[in-house]
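A.B. asks: What shape does this take:
(one chain, ligands or ions: 3)
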Amino acid sequence: MPNKLLEVKNLVKIFHLGGRFFGSKLKAVNNVSFDIEAGKPEILTFAGETGSGKTTVARMILGLEEPTSGKVIYKGRDVTHIKKRQELMKHMKEVQPIFQNPFETFNPLKKVDSYLFEMTDNYHLAKTNEEKLKVIEEPLNSVGLTLKEIKGRYPNELSGGQLQRASVARALITRPSLLIADEPVSMVDASLRMSIVNLFAELKNKFNVSVLYITHDLATAYYISDRIAIMLRGDVVEFGDIEKVMLSPLHPYTKILIESVPQPDPEGTWKEDIKLSALEVKEFSRLGCKFYERCPFAMEVCKNIEPPNVFEDGREVKCHLYSKEIKNYKKVKKFVE
Ligand SMILES: Nc1ncnc2c1ncn2[C@@H]1O[C@H](COP(=O)(O)OP(=O)(O)OP(=O)(O)O)[C@@H](O)[C@H]1O
Ligand code: SF4
Ligand SMILES: [Mg+2]
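C.D. replies: Ligands and ions are numbered 1, 2, ... in the order given. Here you go, the predicted model:
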């Protein structure tokens with residue numbers, strides 16, 4: 001049994017742009033690396049402003065987007081370039097997505113329970129009807145629903161909260177080891193959000209499942225996560241224990257993000273074409289720090305030289321402020337003054 005559930009190694013995704021940026025390339029994900037341990041389920045949050053590359057990372061892990069370079073290793077198996085449908089099915093049995101809008105996950109003309117039965121059939125999870133009911137009922141009960149409650153009902157006959165719970169139950173049917181939840185509650189009524197987010201924390205232990213939780217909502221992230229990755233224009237700029245990052249952020253961008261606590265973007269979806277601003281394209285293509293234009297601590301070195309990944313106070317931070325050279329320079333400067 002490999003000791004890593006997931007290994008993401010130097011993942012890069014370059015998109016070729018169209019429209020008014022035709023001919024330009026955009027590095028939506030730049031050298032992202034992280035691991036999730038096997039047998040130690042955790043909730044790992046990816047946060048960052050819109051267009052920072054969170055969904056692209058998720059789609060590459062799910063096998064829905066092919067990386068330009070880098071690797072995705074799942075339970076010791078290289079799943080970077082899944083081509084065949086059969087391989088994708090096998091991968092998605094283990095790594096299940098939960099989408100943002102439950103009303104898009106379920107076809108309005110199809111009964112909700114039929115999705116659960118289909119999952120059971122497609123993955124040959126039960127031989128008898130009795131077994132099938134058991135396979136379905138357990139995840140449903142775990143999200144606070146029963147088969148009786150949803151049987152024969154169409155999506156519009158359930159509330160948004162119930163429907164998102166049903167989509168979590170559906171994702172659990174194959175007993176995956178990793179759930180990838182991309183803004184799972186941003187379309188759900190605000191009063192119900194916390195109860196659904198709490199579910200992930202409960203399921204982590206009950207189903208031994210890790211969750212990659214993508215969100216703009218740092219408050220819910222703080223509440224349920226074990227670790228957090230802060231993304232900015234394709235870079236992971238700070239990564240570590242949730243308490244450390246949220247209570248004593250080091251990267252100037254993390255500090256601003258935590259101070260401003262941005263609201264979820266209800267317009268964002270998995271596949272939509274996000275309209276790029278000129279600043280975004282400029283920031284994405286900058287050789288140096290992507291936060292240079294906006295950083296209150298920007299130095300000359302930040303302009304053209306990519307910041308190193310530094311281990312500082314128990315987390316990884318990508319910023320020149322923490323590089324050995326700058327720290328030494330500051331020490332010498334202080335001494336001379
Ligand atoms: N298929 C695509 N073609 C071209 N550019 C893309 C494509 N998909 C994403 N991008 C660009 O890649 C960047 C990262 O997009 P991504 O959707 O991963 O960001 P995100 O962090 O999930 O944003 P949000 O919080 O709004 O969902 C964005 O600038 C986006 O415009
Ligand atoms: S590398 Fe420089 S510009 Fe970037 S966040 Fe750090 S100090 Fe600011
Ligand atoms: Mg997204």
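A.B. asks: Please confirm that residue 287 is located within a strand.
C.D. replies: No. Assigned with DSSP: H, G, I helix; E, B strand; the rest coil, residue 287 falls outside any strand and is coil.
A.B. asks: Any idea how many residues pack against it?
C.D. replies: Neighbours of residue 287 under the rule other CB atoms under 10 Å: 10. The way it works is simple: take the backbone N, C-alpha and C, and place the C-beta from them, glycine included.
A.B. asks: Mind listing what's buried along stretch 233-241?
C.D. replies: By neighbour count on 16 or more other CB atoms under 10 Å, the buried set for stretch 233-241 is 233-240.
A.B. asks: Tell me which helix or strand the spatially most central residue of the chain sits in.
C.D. replies: Residue closest to the mean C-alpha point of the chain, counted by CA atoms, centre = their mean, is residue 214 at 3.6 Å. Assigned by DSSP states H and E, residue 214 belongs to strand 210-215.
A.B. asks: For that strand, the averaged confidence score.
C.D. replies: The average pLDDT for strand 210-215 rounds to 97.
A.B. asks: what's the answer for stretch 235-242, then?
C.D. replies: 98.
A.B. asks: can you check stretch 138-153 too?
C.D. replies: 95.
A.B. asks: End to end on that stretch, go ahead and measure it.
C.D. replies: Stretch 138-153 has an end-to-end distance of 19 Å (CA to CA, to the nearest Å).
A.B. asks: Please name the residues that touch whichever residue of the stretch 101-250 of the chain sits closest to ligand 2.
C.D. replies: Relative to ligand 2, the nearest point of the stretch 101-250 of the chain is residue 237 (7.2 Å; CB to the nearest ligand atom). Contacts for residue 237 (CB atoms under 8 Å, 6 or more residues apart in numbering) come out as 230-231, 251, 253-254, 291, 317-319.
A.B. asks: Note down every partner strand of the helix or strand encompassing it and its orientation.
C.D. replies: Residue 237 is part of strand 235-241, with elements assigned from DSSP H and E. Under the criterion DSSP bridges, strand 235-241 sits next to strand 227-232 (antiparallel), strand 315-318 (antiparallel) in its sheet.
A.B. asks: In JSON lines, list the ones you listed along with mean neighbour count, distance to residue 181 and mean pLDDT.
C.D. replies: As requested, those are exported to JSON lines (neighbours: other CB atoms under 10 Å; distance: least, CB to CB, whole Å; pLDDT from 0 to 100):
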{"stretch": "strand 227-232", "mean neighbour count": "24", "distance to residue 181": "14", "mean pLDDT": "97"}
{"stretch": "strand 315-318", "mean neighbour count": "23", "distance to residue 181": "23", "mean pLDDT": "97"}
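A.B. asks: Figure out which of those is closest to residue 33.
C.D. replies: Among these, the nearest to residue 33 by CB to CB is strand 315-318 (9.3 Å).
A.B. asks: can you tell if that closest one touches ligand 2?
C.D. replies: No. Against ligand 2, strand 315-318 shows no contacts by CB under 6 Å from any ligand atom, the least distance being 7.4 Å.
A.B. asks: Could I get the full set of helices for the stretch 201-337 of the chain?
C.D. replies: Residue ranges of the helices in the stretch 201-337 of the chain, as given by DSSP state H, counting those that start in this stretch, are 218-224, 242-247, 252-260, 278-285, 300-304, 324-336.
A.B. asks: which residues touch the residue nearest to residue 73 when sequence neighbours are not counted?
C.D. replies: Once flanking residues are discounted, residue 73 sits nearest to residue 7: 4.0 Å by CB to CB, 6 or more residues apart in numbering. Counting by CB under 8 Å, 6+ apart, residue 7 makes contact with 35, 71-74.
A.B. asks: Among those residues, which one sits closest to ligand 1?
C.D. replies: residue 72 (15.3 Å).
A.B. asks: Can you tell me who that closest one pairs with across the strands?
C.D. replies: residue 8.
A.B. asks: For it, give me its contacts.
C.D. replies: 6-9, 11, 60-61, 63, 78-80.
A.B. asks: swap the cut-off to 6 Å and go again
C.D. replies: Residue 72 makes contacts with 8, 61, 79-80, as judged by CB atoms under 6 Å, 6 or more residues apart in numbering.
A.B. asks: related to what we said a few turns ago, any idea how far ligand 1 is from the residue nearest to residue 73?
C.D. replies: 20 Å (CB to the nearest ligand atom, to the nearest Å).
A.B. asks: just residue 255 next, same as before
C.D. replies: In terms of CB to the nearest ligand atom, residue 255 sits 19 Å off from ligand 1.
A.B. asks: Look up phi and psi at the nearest residue to that residue once chain neighbours are set aside.
C.D. replies: Once flanking residues are discounted, residue 255 sits nearest to residue 249: 4.8 Å by CB to CB, 6+ apart. Note on residue 249: its backbone torsions stand at phi -60, psi 150 [degrees, to the nearest 10].
A.B. asks: can you redo the strands paired with strand 235-241 as JSON lines with distance to ligand 1?
C.D. replies: Shown next, in JSON lines, are those (distance: least, CB to the nearest ligand atom, whole Å):
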{"stretch": "strand 227-232", "distance to ligand 1": "6"}
{"stretch": "strand 315-318", "distance to ligand 1": "16"}
